[in-house]
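[1] 3D, please:
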Amino acid sequence: MRFPLLCTHNPRMALITLNQASLAYGHHPLLDNTDFSLEEGERIGLIGRNGTGKSTLLKILNRKEALDSGTIQYQQGLRINYVAQEPVFDEHKTIFEVVSDGLAELLKCIEDYSNGTGDMDELFNRIDTLGGWGWEQKVEQSLEQLRLNGKLTIGTLSGGTLKRVALAQALVCTPQVLLLDEPTNHLDLESIDWLASLLTEFKGSAIVITHDRSFLDKVTTRIVELDRGRLRSYLGNYSQFRLNKEAQLAQESVINAKADKLLAQEEIWIRKGVEARRTRSVARIARLEELRAQRQSRREAVGKVKLNVDSGNRTGKIVSELENVSLSFGERCIVKDFSSIILRGDKIGLLGPNGAGKTTLLKLILGSLEPDAGTVKFGTQLQIAYFDQMRGALNLDDTLENFISPGSEWIEIGDQRQHVKSYLGDFLFSPARANSPVRSLSGGERNRLLLARLFARPANVLVLDEPTNDLDIETLELLEELLENYKGTVFLVSHDRAFLDNVVTSLIAYEGDSKWREYEGGIQDWLVQSRRTGKSSALTGELKGQASADNQPSKISQLDLSSAAAASAPSSTSTSGSALKKKLSFKEQRELDSLPAQIEILETEQKEIAQLIEEGSIFSTDPKRASELLSKSTQIESDLLTLLERWEALSAKS
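    Predicted coordinates for the structure are as follows:
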């Protein structure tokens, strides 16, 4: 079945090609006679529901798993490197040693050549092909590119730094293809932006599995969806994919409805009675059997997770009130002089680099830790439910059913009583899997199971610590909808920009030097507010922390600080050393008079572009023009902000 909105771009040189690929675990097909090719210079976002086989597909492409049937072809001499979702290294090795392991073949050839083992000419040529003798320099370059200190020991590193070590090891041998499984997990916002820049500058091809929609929009040139065993390709980034996918599903629904109607008509005909059975044609009966077979083999779109949560008893109006709170561990200060009032119904995102103390601040807010200084007052009737970032609540030997409802077959959510197997079905776990052990689940399925347990208990305060890791995009969007409608209070720790923007009403952002500040709105609102106030933004704090950790200055941080200073600095014509304001100069007055017209022109152009983008057809008829419009819209947004800030400054002066 073909759909006109699917990608039909002209092929370049294919690096990897799958033909009629099939793979099944038991009776569950992951790949169903599907085709795929990776071309030179492509950056593919591989998406699909949890458990559909995305990680397995990467392992197949990396020659770590085999197909049941079909073929896979590689360009001769193709260099592929794979970065696992949870990289594992010898914790006693240094970063330099682990990254050097990425040159294992080169080092073995150099060793054999030095020892006089094997064909010397062949070894010399192979060493030259793999990058020559200066392997230490290659490692140092990789460490510098990934901003890593090669002397640090693996056992001392955070999850985010381990991800960068894995990337350094993968990049050191200059691969032609990078396969990345959830590379943004455990990375903070600045690191995610840095990784996006690294991939857009990467000279080879890449396939990335990620749930991060903002990251997909920045990085990908094509989206490939693994859906019901088939790989379907869509040109462009994730935003373009969503428009095309919606149209494709509508078209698929019409085609299936017509087929179902025809089958129903044939079923009626075959059962009309004795006369019909005497005169029916062999050809028509064969046609009916064919229709039945097609209907049986047609795999319906996977159902959606049904999310519901009992918001429990209403808390008091105030959930938590902090006044001049400080907390230190030894000589390290985590929170300094922080004040805030958390009200019932607030949805608060915590923003900051890994290790800044987001989880510690949460514990202060909710009373798990006592401050060294300052006071914390708590609301009444708090029922707090935690989503554990490290999945500490999971008993891998427990069954799904017992994990959700220990000792009972029933779950009560609010005034509704539901059988545990039916409840698990709401989270896409079949009744047959209810007695399976937790260890049999994939990473995304385990997160889905944790959400099922979280929502099985009444709570008026939800604490979600990195809930987006490993969840597929559709489940993420449903979780967003639930949290938007949830009447309780939400605390959310996440580095997923789209998720934060769609859920939170305010942000508590780290600003460096143990300082935290609260901002209204989501990520975009925070960026505008922090720029206008000239305060150190959380992004600046992240960059400072990263530069300190790696003993390197951060160019982006310096730029951010410069722009913040420029935004808050007085203009060259403003009063210096005087409390009196001067009138606008003739030139400034003319500028002020002209600004409304300039702003109106930009707003009109922005509206026209938005209408074209929302209409959607341009993504299939003229993808290049669509990409240009998206870039133009971003530029207009920036120009508008500059003009509005200038208008505000001149108006205040006048």
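
[2] check the spatially most central residue of the chain and give its pLDDT.
    Centroid-nearest residue in the chain, with CA atoms, centre = their mean: residue 212, separated by 1.7 Å. For residue 212, the model assigns a pLDDT of 89.

[3] residue contacts, it?
    Applying CB atoms under 8 Å, 6 or more residues apart in numbering to residue 212 gives the contacts 184, 192, 468, 496, 497, 498. Just so you know, the C-beta spots here come from the backbone N, C-alpha and C atoms, and that holds for glycine as well.

[4] okay, how far is it across stretch 58-69, tip to tip?
    Start and end residues of stretch 58-69 are separated by 17 Å (CA to CA, to the nearest Å).

[5] need the contact partners of that stretch.
    The contact list for stretch 58-69 (CB under 8 Å, 6+ apart) reads 16, 20-24, 31, 38, 46, 56, 72, 80, 82, 177, 179, 181, 207, 209.

[6] PyMOL command to pick out the buried ones of these?
    The PyMOL command for the buried members of the contacts of stretch 58-69 (criterion: 16 or more other CB atoms under 10 Å) is given here:
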select buried, resi 16+21+23+31+38+46+56+80+82+177+179+181+207+209
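
[7] which strands and helices lie in contact with the strand or helix carrying residue 98?
    In this structure, residue 98 sits in helix 95-100 according to DSSP states H and E. Packing partners of helix 95-100 (3 or more CB pairs under 8 Å, 6 or more residues apart in numbering; DSSP states H and E): helix 135-145, helix 159-171.

[8] next, the buried residues of that helix.
    Neighbour-count burial for helix 95-100 [16+ other CB under 10 Å]: 95, 96, 98, 99, 100.

[9] just checking, the first one touches residue 155?
    No: contact status for residue 95 versus residue 155: not in contact, 11.1 Å apart, counting by CB atoms under 8 Å.

[10] still on that earlier bit, which among the contacts of residue 212 gets closest to residue 517?
    Within the contacts of residue 212, the smallest distance to residue 517 is 18.6 Å, found for residue 497 (CB to CB).

[11] confirm for me that the closest one is in contact with residue 189.
    Yes: the criterion here is CB under 8 Å, and residue 497 meets it with residue 189 at 7.0 Å.

[12] which SS state does the residue lying closest to residue 647 once chain neighbours are set aside fall under?
    Closest residue in space to residue 647, ignoring its immediate chain neighbours: residue 595 at 4.5 Å, by CB to CB, 6 or more residues apart in numbering. Look at residue 595: counting by DSSP: H, G, I helix; E, B strand; the rest coil, its state is helix.

[13] residues in contact with residue 595?
    Residues near residue 595 by CB under 8 Å, 6+ apart: 643, 646, 647, 650.

[14] what's the spacing between residue 148 and residue 333?
    26 Å (CB to CB, to the nearest Å).

[15] next one: residue 34
    55 Å.

[16] can you give me the end-to-end span of stretch 410-422?
    When the termini of stretch 410-422 are compared using CA to CA, they are 9 Å apart.

[17] next: stretch 431-445.
    This stretch, stretch 431-445, spans 15 Å end to end (CA to CA).

[18] same list (the helices and strands packed on helix 95-100) but as TSV, adding mean neighbour count and distance to residue 599.
    What follows is those, written out as TSV (neighbours: other CB atoms under 10 Å; distance: least, CB to CB, whole Å):
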stretch	mean neighbour count	distance to residue 599
helix 135-145	17	41
helix 159-171	23	41
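
[19] is residue 84 in contact with residue 165, as I believe?
    No: between residue 84 and residue 165 there is no contact under CB under 8 Å: 12.0 Å.

[20] which helix or strand contains residue 501?
    Here residue 501 is assigned to helix 497-503, by DSSP H and E.

[21] what lines up beside the following helix or strand past that helix in the sheet?
    Next in sequence after helix 497-503, counting helices and strands by DSSP H and E, comes strand 506-510. Note on strand 506-510: by DSSP bridges, its sheet partners are strand 347-351 (parallel), strand 516-520 (antiparallel).

[22] tell me which residues in the last one are buried?
    Within strand 516-520, the residues that qualify as buried by neighbour count (16+ other CB under 10 Å) are 516, 517, 519.

[23] residue 611 belongs to a helix?
    Yes: the assignment for residue 611 (three-state DSSP) places it in a helix.

[24] of residue 34 and residue 333, which one has the most company?
    Higher neighbour count among residue 34 and residue 333: residue 34, with 22 against 15, using other CB atoms under 10 Å.

[25] show me the contacts for the more buried one.
    Contacts of residue 34 by CB under 8 Å, 6+ apart are 18, 20, 21, 22, 229, 230, 231.

[26] how many neighbours does the fifth one have?
    Same thing as residue 229. Residue 229: 19 neighbours (other CB under 10 Å).

[27] ok, the helix or strand where residue 224 lies: who's next to it in the sheet?
    Using DSSP H and E, residue 224 falls within strand 222-227. According to DSSP bridges, strand 222-227 forms sheet pairs with strand 43-47 (parallel), strand 230-235 (antiparallel).

[28] how about these, which one is nearest residue 450?
    Across the strands paired with strand 222-227, residue 450 has its closest neighbour in strand 43-47 (21.4 Å, CB to CB).

[29] related to what we said a few turns ago, ok, and what's touching the strand holding residue 224?
    Against strand 222-227 from outside (CB under 8 Å, 6+ apart): 7, 9, 30, 36, 42-49, 52-54, 57, 207, 216, 231-238, 240-241, 245, 301.

[30] are any of these buried, and if so which?
    Of the members of the contacts of strand 222-227, the ones counted as buried by neighbours, 16+ other CB under 10 Å, are 7, 30, 36, 42-49, 52-54, 57, 207, 216, 231-238, 240-241, 245.

[31] low-scoring stretches of the stretch 301-450 of the chain, by residue?
    Within the stretch 301-450 of the chain, the stretches with pLDDT under 70 are 301-316, 388-393, 414-415.

[32] and the strands in it?
    In the stretch 301-450 of the chain, the segments counted as strands under DSSP state E, counting those that start in this stretch are 318-329, 332-343, 347-351, 373-378, 384-387, 410-413, 416-419.

[33] highest mean neighbour count out of the ones you listed?
    Comparing those by mean neighbour count (mean count of other CB atoms under 10 Å), strand 347-351 comes out on top with a mean of 24.

[34] what about residue 58, helix or strand, and which?
    Here residue 58, judged by DSSP H and E, is contained in helix 54-61.

[35] so that helix versus strand 222-227, what angle?
    Angle, helix 54-61 to strand 222-227, by axes from the mean of the first three to the mean of the last three CA atoms, to 10 degrees: 110 degrees.

[36] quick check: mean pLDDT across helix 54-61?
    92.

[37] pLDDT averaged over whatever helix or strand comes next after it - what is it?
    Going down the chain from helix 54-61, the next helix or strand is strand 69-74, by DSSP H and E. Strand 69-74 carries an average pLDDT of 93.

[38] between the strands paired with strand 506-510, which gets nearest to residue 439?
    When the strands paired with strand 506-510 are ranked by proximity to residue 439 (CB to CB), strand 347-351 comes first, at 30.8 Å.

[39] which residues does that closest one contact?
    189, 342, 358, 361-362, 483, 486, 489-494, 500, 503-510, 522-523, 526, 538.
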